[in-house]
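Engineer: mind folding the following:
(2 chains)
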Amino acid sequence: MLSILRNNVLTLFFIIVLAISFTTDAYSQYLINLMLVYVVVAQGLNLILGFAGMFAFAHGAFMAIGAYVSALLMNTLGVPYLIALPMAGLAAAFVGCVIGIPAIRVSGLYLAMVTIGVSEIVQWVLRHWKPVTGGTDGMLVASPTFFGVEFSDDFQSFYVIFVVCALMTVLAQFVIRSRLGRAFVAIREGEIAAQSSGINVARTKVFAFAISAFYAGIGGSLFSLTQHYINPENFNLYQTIMQFCMVIVGGSASLIGPFIGAVILTWLPELLRNAQAFQEIGFGLLLIVFVIFMPRGLAGLLISRNILPRERFSRAARLRKKPEASTSVVVERP
Amino acid sequence: MEFAFLLSVGVSNGCLYGLVGLGLVLVYNAQGIPNFAHGEFFMATAFAAYVANVLLGIPYALSVLIAIAFGGALGVVVEFLAIRPISTNRALGRASTEVAVVLSTVGLMITIKGLARIPWGDSVRKLPGAFSTDTITIGSLIISTQRLLIIVVAVALTVCLSIFFARTSLGKKMRATSQNTTGAKLIGINTGHIYSATWGLAAICGGIAGILAAPIIFLHPDMGTRMLLKGFAAACLGGFGSVSGVFVGGLLMGIVEIFFGRYLSTSMMDIFAPIIIIVVLLFRPQGLFGTRGAARV
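Structural biologist: All right, here's what the predicted structure looks like:
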């Protein structure tokens, strides 16, 4: 019984979240929604930072693109949310591609600077393109309507966010366990080795950017549902650093890591509300302490203590009974 | 006349960007990472000068020295506490080490900023300039004394650092370490000390820029982060290679930025640094003066 639970932690997580949602007050419900949004965003960042080992400082900006695109589509064109949501993801993925294609030319650490530049430019556009984005005043987000029912409060939008988060989790598992996911890891561990084993490095990198940005775009759109109001401040560098923290604290290159990170780090800033200084110190110290002492995050710790099962991303390794005998690619850091 | 005035502002701004970029290049050459915490050295040193000079009433020259010492010490301590444990951790591969070190500098960036926000909050403060007279007139050109000082100090510091790397023993050891860390260790260079010295020196460069800039741009916990991008842009233009390259890159950046802002749109000035970074890295990643090197395998 326990081992079934142990092997299906993520399913358990979704069941618990669903169960809790029947008994919460509005504020906890809002936090649960926010937590699920960050699960989506952190999964996307984890794909690129953890699995593909590429820096992307632009996830705040990708989120912003998702949020503004879906809000604009709904507010001005009256597009239903069922269409606006994927459009938000695709718009972010498109921008991710546009950044990703030239970013192939610059590797590793220059990429960090290109993406931080992009996120500054997106911030600037949001602030100065007043007729469309409302500038620093931000904009109100219309509530989504499904089959004539308006999902206006947090209890209702929970179901939207819950379903999307679950779908995105399934998609993440699919990507990570696919050929593409293994190519991400191969590139992280050595670009030249990956190339010589037949991986199209350039194309894989663009895919990594696009998929990761898609997650951030979807996350941004869901984020706008939780806030009902968005402004450029929501998507600044601080937002990106908080997502870094989620991935690193939870455990990078792990399926379950983003869940752990998002659960913990959504509640932390709420405890430190109205104290920007302490939020910054908290996130900064967490980031430093985890990269120094626990580079594989809490997921790594739980896995090494045998509380969680080891994550095996290739099909052969998952099906095999004896994990020691595995010779296939095991997606874990040495 | 407006042209000459704008030029003087552009050149002095450019000198500041060059100084900030210089610190970034020092760390980049030593450890191959962009140091996101660098802007906070700029901010922390400027605040240290403010505390010494305005709050404690220490004479200006002495408080500047104290602040520079504080900035250098901050650089050394930060390297020792947050960078060295990662770069000496053998359990991580080379790629993972770089990712971890950069994330650590990001963590430092917001930690130091948060620490500065506790006493200083969100209000802006002003550090007095070095001279009691604000402006001097050369011919018909009125130039601020602080801007003149910035130019003089930046040029002097760049020359000193070039000599330092070319002539002194410590400078040569630093160059050796950045070229080949293992080789440097083999011939008996204590690379740990070299990294400490590099971070200390980088923090001092950033700190001097902070003290020089503070009378012009006001003290605020966020002042460092804004400067960081401009420093990155200067370093990218210079190609992350030489001391003089960064200086020229900074100058170019400052001059173009001010004319851009004056004749096209003031709000575009904020976005100029990221545009430079992206354009340069995409089309000429080796910078304006660098030569394309072979990739390490």
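
Engineer: use CA for all of it now, contacts and neighbours both
Structural biologist: OK.

Engineer: what is the burial count for residue A:171?
Structural biologist: Residue A:171: 12 surrounding residues under other Cα atoms under 10 Å in any protein chain shown.

Engineer: spell out which parts of chain A neighbour chain B.
Structural biologist: Residues of chain A lying near chain B by Cα under 8 Å from any Cα of the partner chain: A:53, A:55, A:102-103, A:105-106, A:109-110, A:113-114, A:116-118, A:120-121, A:124, A:188-189, A:192, A:241, A:276-288, A:291-292, A:295, A:333-334.

Engineer: now do the contacts for the closest residue to chain B within the stretch 51-200 of chain A.
Structural biologist: Using Cα to the nearest Cα, the closest approach of the stretch 51-200 of chain A to chain B is made by residue A:117 at 4.2 Å. Residue A:117 is in contact with B:229, B:273, B:274, B:275, B:277, B:278, counting by Cα atoms under 8 Å, 6 or more residues apart in numbering or on different chains.

Engineer: and residue 190, how many neighbours?
Structural biologist: You didn't say which chain, so I picked chain A. 14.

Engineer: hm, I was asking about chain B
Structural biologist: If we define neighbours as other Cα under 10 Å, then residue B:190 has 13 of them.

Engineer: now do the phi/psi pair for it.
Structural biologist: Main-chain torsions, residue B:190, degrees, to the nearest 10: phi -80, psi 100.

Engineer: residue A:176 contacts residue A:182, doesn't it?
Structural biologist: Yes: using Cα atoms under 8 Å, residue A:176 is in contact with residue A:182, at 6.8 Å.

Engineer: quick check: which element contains residue B:77?
Structural biologist: helix B:60-78 (DSSP states H and E).

Engineer: show me what that helix packs onto, helices and strands only.
Structural biologist: If you count contacts as 3 or more Cα pairs under 8 Å, 6 or more residues apart in numbering or on different chains; DSSP states H and E, helix B:60-78 packs onto helix B:38-50, helix B:191-217.

Engineer: what inclination does that helix have with respect to helix B:38-50?
Structural biologist: Inter-element angle recorded for helix B:60-78 and helix B:38-50: 140 degrees (by axes from the mean of the first three to the mean of the last three Cα atoms, to 10 degrees).

Engineer: residue B:47 is in contact with residue B:224, correct?
Structural biologist: No: between residue B:224 and residue B:47 there is no contact under Cα under 8 Å: 10.9 Å.

Engineer: shaky segments in the chain?
Structural biologist: Let's take chain A. Within chain A, the stretches with pLDDT under 70 are A:1, A:103, A:106-109, A:274, A:313-334.

Engineer: right idea, wrong chain: chain B
Structural biologist: Ranges of chain B meeting pLDDT under 70: B:93-95, B:290-297.

Engineer: break down it into its strands, ranges please.
Structural biologist: With DSSP state E as the criterion, chain B has strands at B:135-138, B:141-144.

Engineer: the first one pairs with which strands, and in what direction?
Structural biologist: Same thing as strand B:135-138. According to DSSP bridges, strand B:135-138 forms sheet pairs with strand B:141-144 (antiparallel).

Engineer: just the buried residues of the partner strand, please?
Structural biologist: B:143, B:144 (16 or more other Cα atoms under 10 Å in any protein chain shown).

Engineer: same question for stretch A:295-310.
Structural biologist: For stretch A:295-310, the neighbour count (16+ other Cα under 10 Å) marks A:295, A:296, A:297, A:298, A:299, A:300, A:301, A:308, A:309, A:310 as buried.
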